[in-house]
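J.: got a sequence here, can you model it:
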Amino acid sequence: MELRTTLICLCLAVGFYRSDTNLTSDLVLVPYDFLFDAAVEAYYKGDWLAVILNMEKAIRNKATVRDVKVQCRLQCANQSVFGEPLVGLELPIPGAGSVEDLSFFQKILKRADCVNSCETEKLGSLTLHQVSEEVELEFGKRTPYNYLQVAYFKVISCSDYTHSV
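T.: Numbering: from 1, shown residues only. Next comes the predicted model:
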């Protein structure tokens, strides 16, 4: 019964610290590499609850960043379809090549600007969520789940040990 109570409290604590995936608030999304590093540091200190809270939030924030980027790219792709002619490019510019080439590259630049603006609006500064290759590799290898497995095991085994004494 005590183990069950501990697990329920742990689940409630993890739910309390969930990231805001709606991103409609004025809160800045904490970069997931920062949370990952904090969780690894807590792991080596044996602070199992901090490992769980930080690693779970890092996983959620990584997914949130990915979802926002996908939404922004889809939204901007729908706004700048390549089949439509752009206004203002009816006359060729001397020495500039064909009008079709200019129109194509203008649409590329408009789409890139749209994506950058959308991501900045929803995530904050673009440099805030740039993650090192090392952290990306760790997430690609699913290392955060290894840390979580050990931390959950330690929390449960510590709970069993303290209640049996």
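
J.: what about L109, distance to V150?
T.: Separation of L109 from V150 (C-beta to C-beta, to the nearest Å) stands at 48 Å. Yep, even glycine has a C-beta here, placed from its N, CA and C like the rest.

J.: what's the answer for I108, then?
T.: Applying C-beta to C-beta to I108 and V150 gives a distance of 46 Å.

J.: quick one: the helices in the protein, in order.
T.: 2-16, 32-45, 48-79, 99-123, 133-140, 143-164 (DSSP state H).

J.: which of those has the lowest mean pLDDT?
T.: For these, mean pLDDT drops lowest on helix 2-16, to a mean of 49.

J.: give me the spatial nearest neighbour of C76, chain neighbours excluded.
T.: The shortest distance from C76 to any non-neighbouring residue, by C-beta to C-beta, 6 or more residues apart in numbering, is to C114 (3.7 Å).

J.: so that neighbour sits against N78, correct?
T.: No - C114 is not in contact with N78 according to C-beta atoms under 8 Å; the separation is 9.9 Å.

J.: which of these two has more neighbours?
T.: C114 (18 against 9; other C-beta atoms under 10 Å).

J.: return the distance of the residue nearest to C76 relative to Q75.
T.: For C114, the distance to Q75 - C-beta to C-beta - is 8 Å.

J.: repeat for A63
T.: 18 Å.

J.: D67 now?
T.: Following C-beta to C-beta, the distance that separates D67 from Q75 is 12 Å.

J.: ignoring the adjacent residues along the chain, who's closest to S132?
T.: D33 (6.5 Å).

J.: number of residues surrounding the one you found?
T.: Neighbours of D33 (other C-beta under 10 Å): 20.

J.: now do the one 4 residues further on
T.: For D37, the number of neighbouring residues by other C-beta under 10 Å comes to 14.

J.: same question for Q106.
T.: 14.

J.: also K62?
T.: Around K62 there are 22 residues (other C-beta under 10 Å).

J.: and the residue found closest to it once you drop the neighbours it is linked to in the chain, how far from Y145?
T.: Leaving out its chain neighbours, the residue that sits closest to K62 by C-beta to C-beta, 6+ apart is Y32, at 4.3 Å. Distance from Y32 to Y145, counting by C-beta to C-beta: 14 Å.
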